[in-house]
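Here's my sequence, what's the structure:
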Amino acid sequence: MIQLALELFAMLLIILVASELFTNALEHLGARLKISEGVTGSLFAAVGTALPETLVPLLALFAGTTSVSINEEIGVGAILGAPLMLSTLSTCLMALAVLSHRGAGGRIAPEHTGFTRDLNFFLVAFAIAALAMYVPPQARILRIGLSAALVLTYFIYMLLTLRASGQLVEGGHGTEAGESMHLNRLGIPTNLLTILVQLAAGLALLIAGAKGFIHGVESVSQLLGVSALLLSLLIIPIATELPEKVNSILWIRRRKDTLAFGNITGAMVFQGTLLPAIGIMLTPWQPRIEVLGGVLITLIAAAWLRINARKRGLPVWTLLVNGVLYLVYLTVTLSR
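Presented below is the predicted three-dimensional model:
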């Protein structure tokens with residue numbers, strides 16, 4: 001057990017270092033390309049740091065255990081557990097990171113149009129994914145149609161986010177690098193190539209650290225006798241989403257609220273469209289009680305953020321409510 005704890009701690013340190021390298025390089029890349037913070041956070045950062053949790057359901061479904069049912073449980077749980085964690089625990093951790101500086105009544109103010117666009121797309125897509133659970137596996141054509149609709153939704157989302165970039169940059173929402181590149185400290189000049197090298201190094205370390213953390217968490221869960229579905233709904237997403245959580249905390253403490261929230265809400269859109277599209281096609285995708293509870297809490301948390309979205313930002317205390325929602329789900333699920 002001590003060895004497992006040391007392994008988890010080592011992987012966490014790797015994730016922290018990798019997140020610093022990744023966010024630093026991404027800021028310079030966004031500034032170099034003259035794109036908005038919305039594109040940098042919601043597309044570049046969100047998709048990049050979503051890779052660890054994206055790999056989990058794919059590996060489970062295509063190269064998992066010899067038990068098809070266990071593979072499907074892990075796949076479905078990982079697909080639906082990721083948005084649950086992002087909309088509840090991750091947003092709450094961001095609030096806790098700035099609570100002492102901004103106060104419960106202080107504001108977290110991501111760029112309004114991008115923030116609301118992310119949430120609108122996620123709520124629609126995730127509701128479609130939830131309704132798809134009531135479509136029987138025999139209705140293959142309808143399931144294919146719903147999967148295609150979710151993929152198309154993400155494609156439209158990307159187009160609208162990229163289209164809005166130019167106007168946002170002109171309006172003062174361009175990505176700015178707050179400090180010099182970390183590779184500069186080694187005497188390496190800053191140019192597009194070195195930015196990409198540091199970005200790739202940070203991303204590779206993020207994936208390696210997250211995979212190592214997942215391995216340690218799985219070992220602990222086996223010692224504790226946790227079921228495959230519970231593991232994939234609750235435990236694995238905590239490990240796989242560490243990159244998003246750490247990146248967003250780093251950004252929000254530097255008052256880069258748009259990057260911090262874009263990293264979370266952009267990942268929610270990615271994981272609320274493309275991954276459920278895979279789940280609908282490759283798993284039974286049925287409305288089990290544990291799954292429905294998580295879906296309901298996720299939609300409530302996302303809707304709560306959307307309701308409180310204002311041009312001047314969200315009060316810090318509203319994000320703490322999302323943390324309470326996560327505790328409610330955790331309590332109900334573990335008490336079953």
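
And residue 174, its phi and psi?
Geometry field for residue 174 lists phi and psi as phi -70, psi 150, criterion degrees, to the nearest 10.

From what I see, it and residue 168 are in contact.
Yes. Using C-beta atoms under 8 Å, residue 174 and residue 168 qualify as a contacting pair, with a distance of 7.3 Å. Any C-beta I mention is one placed from the backbone N, CA and C, and that applies to glycine too.

okay, and the common contacts of these two?
36, 37 (C-beta atoms under 8 Å, 6 or more residues apart in numbering).

quick one: contacts for the residue nearest to residue 98 when sequence neighbours are not counted?
In space, not counting the residues next to it along the chain, residue 98 is nearest to residue 252; the distance is 5.7 Å by C-beta to C-beta, 6 or more residues apart in numbering. For residue 252, the residues meeting the contact criterion (C-beta under 8 Å, 6+ apart) are 94, 97, 98, 108, 260, 261.

so which of these is the most crowded?
Neighbour tally across these (other C-beta atoms under 10 Å): the maximum, 33 neighbours, falls on residue 261.

secondary structure class for the residue lying closest to it once chain neighbours are set aside?
Across the structure, with C-beta to C-beta, 6+ apart as the measure, the residue nearest residue 261 apart from its sequence neighbours is residue 110 (3.8 Å). Classification of residue 110 using DSSP: H, G, I helix; E, B strand; the rest coil returns coil.

Just give the number of residues close to residue 110.
Using other C-beta under 10 Å: residue 110 sits among 27 other residues.

For residue 111, see how far away the residue nearest to residue 98 is.
The span separating residue 252 from residue 111 equals 14 Å under the rule C-beta to C-beta, to the nearest Å.

Can you report phi and psi for residue 314?
Summarising the backbone geometry of residue 314 under the convention degrees, to the nearest 10, its torsions are phi -110, psi 140.

who touches the helix or strand where residue 317 lies?
With elements taken from DSSP states H and E, the one containing residue 317 is helix 316-334. The contact list for helix 316-334 (C-beta under 8 Å, 6+ apart) reads 84-85, 87-89, 91-96, 98-99, 102-108, 230, 233-234, 290, 293-294, 297, 300-301, 304-305, 308.

And it, how far out from the chain middle?
17 Å (C-alpha atoms, centre = their mean, to the nearest Å).

Ok, stretch 117-131 next?
How far stretch 117-131 lies from its chain's middle: 15 Å, per C-alpha atoms, centre = their mean.

Alpha carbons only: can I get it in CSV?
This file holds the C-alpha atoms of stretch 117-131, laid out as CSV (Å, rounded to 0.1, in the frame of the first residue of the first chain):
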residue,chain,number,x,y,z
ARG,A,117,-21.9,28.8,-26.1
ASP,A,118,-19.9,26.0,-24.5
LEU,A,119,-22.7,25.4,-22.0
ASN,A,120,-25.5,25.6,-24.5
PHE,A,121,-23.8,23.0,-26.8
PHE,A,122,-23.0,20.7,-23.9
LEU,A,123,-26.6,20.8,-22.4
VAL,A,124,-28.2,20.0,-25.8
ALA,A,125,-25.7,17.3,-26.7
PHE,A,126,-25.7,15.6,-23.3
ALA,A,127,-29.5,15.6,-23.2
ILE,A,128,-29.5,13.8,-26.6
ALA,A,129,-26.9,11.3,-25.2
ALA,A,130,-29.2,10.7,-22.2
LEU,A,131,-32.3,10.2,-24.4
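
List the buried residues in that stretch.
By 16 or more other C-beta atoms under 10 Å, the buried positions in stretch 117-131 come out as 117, 118, 119, 121, 122, 123, 124, 125, 126, 128, 129, 130.

Looking at those, which is nearest residue 247?
When these are ranked by distance to residue 247 (C-beta to C-beta), residue 118 comes first, at 15.7 Å.

Could you give me the ChimeraX selection string for whichever of the contacts of helix 316-334 are buried?
To isolate the buried members of the contacts of helix 316-334 in ChimeraX, using 16+ other C-beta under 10 Å:
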select :84,85,87,88,89,91,92,93,94,95,98,102,106,108,230,233,234,290,293,294,297,300,301,304,305
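
Got the confidence number for the residue of the chain positioned farthest from its centre?
Taking C-alpha atoms, centre = their mean, the residue of the chain most remote from its mean C-alpha position is residue 187, at 33.9 Å. At residue 187, the predicted lDDT confidence score is 82.

Do I have it right that residue 310 meets residue 110?
No. Contact status for residue 310 versus residue 110: not in contact, 10.8 Å apart, counting by C-beta under 8 Å.
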